[in-house]
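attaching a predicted model along with its sequence, questions to come.
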Amino acid sequence: MSFIDQIKNHLMLIKNIKGVENVVLTQRDGNPIQSLGVWLSKNEIFNLSSATSAIYNLAIHLHSNSMKYILLEGKLAKILIAPLKNSLEDPLDRIMIKQCIENKNEEFFISISTIPDVNLGSIFLQTKECLKEIKRDLIISGETFKPPLRNFNEEELKKVLNSFNIKDEGNETNRINLYSFAFNSETLDKINLILKELSNNIIDFDSIFITLAGGILISKIEKNGNININFDNYAAMSYSLYSTANRCAWLLKKMKVSSILIECEKYFQFILELGDGIFSISVLKGKQKLGLIRLLLPRYLKLLNALLKETKSIEPTINLANIKDMVGQIYL
């Protein structure tokens, strides 16, 4: 049996679990290795793999080696993205150490799409051994999956190169339309009050923040100030992850993502839609149950959404592209 056939057999076991629709094994750079499930075209597989790869790499950038899995949830499906990791106690790791084989814990990941009401705990238990076997086969095979995966003939190459031709110059006037709300201190105080109340009701909370479209940070609360986190960057990356997750969900199911859960070794990060931006909360693993946190969040999101809608209808917008006028107003 060939190496690819072995991988396909493992994926078939996962696909046969009740509620699973698609399984795609992908390399970190976005190259698909094998897929199984509902029929996808070649372009759809490549698009889906590149989107999940972007989500995966953003999550690793945010949470480094502690990231365990990413869960995207929508009305039509759940999408699970997880690296093929082994613990140091795993026999495979001991074999690799003896044979001087590098254990690339973040090099490969698997994407599993399921029906929306599936029991994920059951899927985790049933896929655990399959994922170990896939990782073992990948490492022992010594195979690499590097581009190019597609071959182009002369005509196709010419078409690609022609797409880079410089167009004729014209009398176009390019305008950048960037707008943001002009939040006054009263509005920000109301936002902070809602976030503070939420933080008081979640014992193990670590940090909460909300952003506008584009990942612009407008408010944050930290339990213990972490000097290692630049919240402006953290918020922008979290927004990018959410935006890319929406693209992935649309490619696969023509749906929007309602929430993202990232489980790490010591904490969880929730990312949810809030107007044109996002709401994010990080919660340490402790006494408070995940289900209770999920029940609490919608109430506060409703309050924040109502406040943002009210602000949008009352507060004037600032055209961020018109810098000269803004500077002039400041000096006047």
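Now that the structure is in, tell me what you want to look at. Residues are numbered from 1 along each chain as shown.

CA only for contacts and neighbour counts going forward, please
Will do.

which parts of stretch 294-306 are buried?
By 16 or more other C-alpha atoms under 10 Å, the buried positions in stretch 294-306 come out as Leu297, Leu301, Leu304.

who's in contact with whichever strand or helix holds Cys248?
Following DSSP states H and E, one finds Cys248 within helix 231-253. Contact partners of helix 231-253, identified using C-alpha atoms under 8 Å, 6 or more residues apart in numbering, comprise 44, 47-48, 51-52, 54-55, 58-59, 62, 72, 74, 76-77, 79, 209-211, 213-217, 255-257, 260, 271-272, 277-278.

the next helix or strand after that helix to helix 231-253, inter-axis angle?
As assigned by DSSP H and E, the chain's next helix or strand after helix 231-253 is strand 257-264. Angle, strand 257-264 to helix 231-253, by axes from the mean of the first three to the mean of the last three C-alpha atoms, to 10 degrees: 120 degrees.

show me what strand 257-264 is packed against.
Judged by 3 or more C-alpha pairs under 8 Å, 6 or more residues apart in numbering; DSSP states H and E, the packing partners of strand 257-264 are strand 67-74, helix 231-253, strand 267-274.

apply 6 Å and report the result again.
With contacts taken as 3 or more C-alpha pairs under 6 Å, 6 or more residues apart in numbering; DSSP states H and E, strand 257-264 sits against strand 67-74, strand 267-274.

okay, domains of the chain per the record?
3-141, 179-331 (automatic domain parsing).

could you dump those to a markdown table with distance to Glu155 and mean pLDDT?
A markdown table is the format used below for the domains of the chain (distance: least, C-alpha to C-alpha, whole Å; pLDDT from 0 to 100):
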| stretch | distance to Glu155 | mean pLDDT |
| --- | --- | --- |
| domain 3-141 | 19 | 84 |
| domain 179-331 | 28 | 84 |
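
how about CSV for the ones you listed, with distance to Glu154 added?
Listed next are the domains of the chain as CSV, based on distance: least, C-alpha to C-alpha, whole Å:
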stretch, distance to Glu154
domain 3-141, 20
domain 179-331, 30
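
spell out the residue ranges of the strands in the chain.
Listed in chain order, the strands of the chain (DSSP state E) span 20-27, 32-37, 67-74, 78-83, 108-114, 179-181, 205-211, 217-222, 257-264, 267-274, 277-284, 317-319.

quick one: the third one to chain centroid distance?
Taking C-alpha atoms, centre = their mean, to the nearest Å, one finds the center of strand 67-74 at 7 Å from the center of the full chain.

relative to it, what are the paired strands and their orientations?
strand 78-83 (antiparallel), strand 257-264 (antiparallel) (DSSP bridges).

nearest to Gln288, of those strands?
Between Gln288 and these, the shortest gap by C-alpha to C-alpha is with strand 257-264, which sits at 14.8 Å.

about what we covered before: list the buried ones in the helix holding Cys248?
231, 234-249, 252.

hang on, the earlier thing: just say which of the strands paired with strand 67-74 is most tucked in.
Most buried of the strands paired with strand 67-74 by mean neighbour count (mean count of other C-alpha atoms under 10 Å) is strand 78-83; its value is a mean of 24.

put the alpha carbons of that one into CSV.
Taking C-alpha atoms only, strand 78-83 is exported to CSV below (Å, rounded to 0.1, in the frame of the first residue of the first chain):
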residue,chain,number,x,y,z
LYS,A,78,-18.6,23.6,12.5
ILE,A,79,-15.0,23.7,11.2
LEU,A,80,-12.2,22.3,13.4
ILE,A,81,-8.6,23.1,12.6
ALA,A,82,-5.9,21.3,14.6
PRO,A,83,-2.1,20.7,14.3
